[in-house]
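Pasting the sequence and the predicted coordinates here, then a few questions.
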Amino acid sequence: QVQFVESGGGLVQPGGSLRLSCVASGFTVENYVVGWFRQAPGKGREVVSCIDSAERISAVANTVMGRFTMSRDNKKNMAYLQMDSLKPEDTAVYSCAAQTSTSWTGWGPGTQVTGSS
């Protein structure tokens, strides 16, 4: 089964930091663009950041630019999201996926990030 498993979420005060991780199983992510997404309560899923197979950032949401940094380790089949200067509005479930020619795949259960106010 092709799937990511995310971890690293939690409750954090404004201005705090978290580092999220996701590990792929059932496939090798090396040749895929990998994305971090988030879905806040009552809202649709939005892209946070994407990184290509050469470890170049290909997308960053305006709402997190300058605060969140995505990276990947192809040898470990993993991707990361360093989240700094967290705000209450960053509260969401964060998930990873890999981009195929037609869609995003490998959605995991996600990890909850809750910014306290």
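Yes, it's here.

so what's the residue most central in space within the chain up against?
Taking C-alpha atoms, centre = their mean, the centroid of the chain lies closest to Trp36, which sits 2.6 Å from it. Taking C-beta atoms under 8 Å, 6 or more residues apart in numbering, we find Trp36 in contact with Leu20, Cys22, Val47, Val48, Ser49, Cys50, Met70, Ala79, Leu81, Tyr94, Ser95, Cys96. C-beta: built from backbone N, CA, C; applies to glycine.

beta partners of Ala59?
In this entry, Ala59 is beta-bridged to Cys50, by DSSP bridges.

when you give positions from now on, start the count at 51
Renumbered: residue one is now 51, and that last one reads Ala109.

What number of residues are in the vicinity of it?
Per other C-beta atoms under 10 Å, the neighbour tally for Ala109 reads 14.

Please report how far it lies from Val62.
Distance, Ala109 to Val62, by C-beta to C-beta, to the nearest Å: 24 Å.

give me the number of residues near the nearest residue in space to the residue nearest to the centre of the chain that is not next to it in sequence?
Leaving aside its chain neighbours, Trp86 sits nearest to Val98 (4.3 Å; criterion: C-beta to C-beta, 6 or more residues apart in numbering). Per other C-beta under 10 Å, the neighbour tally for Val98 reads 24.

picking up where we left off before, in a strand, the residue nearest to the centre of the chain, correct?
Yes - Trp86 forms part of a strand when assessed by DSSP: H, G, I helix; E, B strand; the rest coil.
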